[in-house]
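Undergrad: One predicted model, sequence on top.
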Amino acid sequence: MKAACKFGCCTPEVAALPDGGWSADGLVLDDRRREHVRRERAAEFARIDQMHAAIYRACAVCGQLAIRLDTFGLCSKNTETHKARRGGLTFAPAGRRR
């Protein structure tokens with residue numbers, strides 16, 4: 001039997017479930033459709049991660065993408081490794097200028 005979804009995980013019968021397999025109240029997903037939703041979410045999160053990697057810079061210690069890094073090139077975490085890299089200083093974002 002040929003799969004009927006773009007990820008190849010659903011049979012034509014399962015792909016044809018009303019409302020994508022969600023219950024009438026939208027809170028319960030048909031068990032036969034769970035793998036499809038998992039793959040759909042993974043693909044979307046991968047796309048978002050690619051977009052963010054192109055926009056945001058990575059922390060020099062942990063590699064986390066951040067909108068803003070401090071003068072040491074680190075994110076706002078205050079772990080021991082981050083503190084050591086800052087020379088014992090903690091993250092202090094710039095305040096508003098009047």
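TA: Yep, that arrived. Residues are numbered from 1 along each chain as shown.
Undergrad: drop to CA atoms for contacts and neighbour counts, all remaining ones
TA: OK.
Undergrad: neighbours around C9, how many?
TA: 19 (other Cα atoms under 10 Å).
Undergrad: is it true that it touches R38?
TA: No. Taking contacts as Cα atoms under 8 Å, C9 lies outside contact range of R38: 10.5 Å.
Undergrad: In the protein, which residue is most central in space?
TA: F45 (4.9 Å; Cα atoms, centre = their mean).
Undergrad: Remind me which helix or strand that one belongs to.
TA: helix 34-55 (DSSP states H and E).
Undergrad: Check L27 too.
TA: Per DSSP H and E, there is no helix or strand for L27.
Undergrad: cool, L74 as well?
TA: Using DSSP H and E, L74 falls outside every helix and strand.
Undergrad: And it, how far from C62?
TA: Using Cα to Cα, to the nearest Å, L74 is found at 8 Å from C62.
Undergrad: For these two, indicate the residue with more neighbours.
TA: The neighbour count for L74 versus C62, taken as other Cα under 10 Å, is higher for L74 (25 against 12).
Undergrad: Which parts of the protein belong to which domain?
TA: 1-55, 56-91 (automatic domain parsing).
Undergrad: State the mean pLDDT of the first one.
TA: Same thing as domain 1-55. Per-region confidence: domain 1-55 scores 88 on mean pLDDT.
Undergrad: Could you find the closest non-adjacent residue to H36?
TA: Nearest residue to H36 in three dimensions, chain neighbours excluded: C9, at 6.1 Å (Cα to Cα, 6 or more residues apart in numbering).
Undergrad: cool, G21 as well?
TA: Nearest non-adjacent residue to G21, counting by Cα to Cα, 6+ apart: D30, 5.1 Å away.
Undergrad: wouldn't the one you found be in contact with W22 here?
TA: Yes. At 6.2 Å, D30 and W22 qualify as touching, with contact defined as Cα under 8 Å.
Undergrad: more neighbours, those two?
TA: More neighbours surround W22 than the other of D30 and W22, with 16 against 12 (other Cα under 10 Å).
Undergrad: Which residue, other than its chain neighbours, is closest to that one?
TA: Going by Cα to Cα, 6+ apart, W22 has L29 as its nearest residue, at 4.4 Å.
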